[in-house]
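# Here you go, sequence then predicted model.
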Amino acid sequence: MIIPKLHYISQGNSPKEHLENIQKACTSGIELVQLHLKNASEKKVLKLAKEAREITSHFQTRLIINDHYTIAKEIKADGVHLEKIDSCPTIVRKYLYTWQSIGATANTFQDCKTLIGKEVDYIGLGPFRDTITKDNLNQVLGLNGYITIIEALKTETPIIGFGGITTEDVTYILETGISGIAVSGEITGNFNTIRIFNQLLSASSTEEQRYTFK
């Protein structure tokens, strides 16, 4: 399994806007989209996920569903991303297809250790700075937080930084040992930044971090 270095977390004031932004991200060359519709019914998320799957399939872009792992399985998304208060990755793993990936959000060293023990495919570590896309996170980590956690972890599990990250942050973040980044606001504001992020991350398919199921 290959975990891309750049993830786009979908944003929008309505489901229609989410789809429009996913389409723009795919057109601009994003390799992975996380559908992140907050405070919506299961029925609404399923409808949106089906439409997002059609768009991402057309562009051969990977689609990850935030939280709703039953929907991820139903629409055959590429995986699911679990927040800290969502279901246990071990339980979700048994439910999903074997080829579907599981990512999960962490805010502390202990969160990361717990998730690695549950054999997630990647960890979203943050927030780097304040962000509106994630709830229930206690502290902003910044570069020093990343350095401290990455050095202590010594793991091969890909760690994806998130939280208010801009193109100006990328070089410094990579120096901490972070594998890649998940971005929402900066990309939604200007989809041309996808190309810049990819260049900064050197996110060619040959350089992506590979992860193999145990």
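All right, it came through fine. Residues are numbered from 1 along each chain as shown.
# Identify the residues contacting the nearest residue to residue 197 once chain neighbours are set aside.
Leaving aside its sequence neighbours, residue 197 sits nearest to residue 6 (Cβ to Cβ, 6 or more residues apart in numbering; 5.2 Å). Where C-beta positions appear, they are placed from N, C-alpha and C, glycine not excepted. Residues in contact with residue 6 (Cβ atoms under 8 Å, 6 or more residues apart in numbering) are 30-32, 180-183, 194, 197-198, 201, 203.
# Can you read off the pLDDT for residue 6?
Note on residue 6: pLDDT of 98.
# before we move on, what about the one 10 residues further on?
The model reports residue 16 with a pLDDT of 96.
# what about it, helix or strand, and which?
Assigned by DSSP states H and E, residue 16 belongs to helix 15-27.
# then whichever helix or strand comes after that helix to CSV, C-alphas only?
Downstream of helix 15-27, the first helix or strand assigned by DSSP H and E is strand 32-35. Presented in CSV, the C-alpha positions along strand 32-35 are these (Å, rounded to 0.1, in the frame of the first residue of the first chain):
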residue,chain,number,x,y,z
LEU,A,32,-5.9,11.6,-2.3
VAL,A,33,-9.1,13.3,-1.1
GLN,A,34,-10.6,12.8,2.3
LEU,A,35,-14.4,13.5,2.3
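# And the contacts of the next helix or strand after strand 32-35?
Following strand 32-35 in sequence order, the next helix or strand is helix 42-58 (DSSP H and E). Residues outside helix 42-58 that contact it (Cβ under 8 Å, 6+ apart): 10, 15, 18-19, 22-23, 26, 33, 35, 37, 40, 61-63, 65, 68, 71-72, 74-77.
# gap between the closest residue to residue 128 other than its chain neighbours and residue 151?
Nearest residue to residue 128, sequence neighbours excluded (Cβ to Cβ, 6+ apart): residue 163, at 4.1 Å. Residue 163 sits 19 Å away from residue 151, taking Cβ to Cβ, to the nearest Å as the criterion.
# who's more crowded, those two?
residue 163 (26 against 11; other Cβ atoms under 10 Å).
# Thought residue 140 was touching that one, still the case?
Yes - Residue 163 lies in contact with residue 140 (Cβ atoms under 8 Å); the separation is 7.2 Å.
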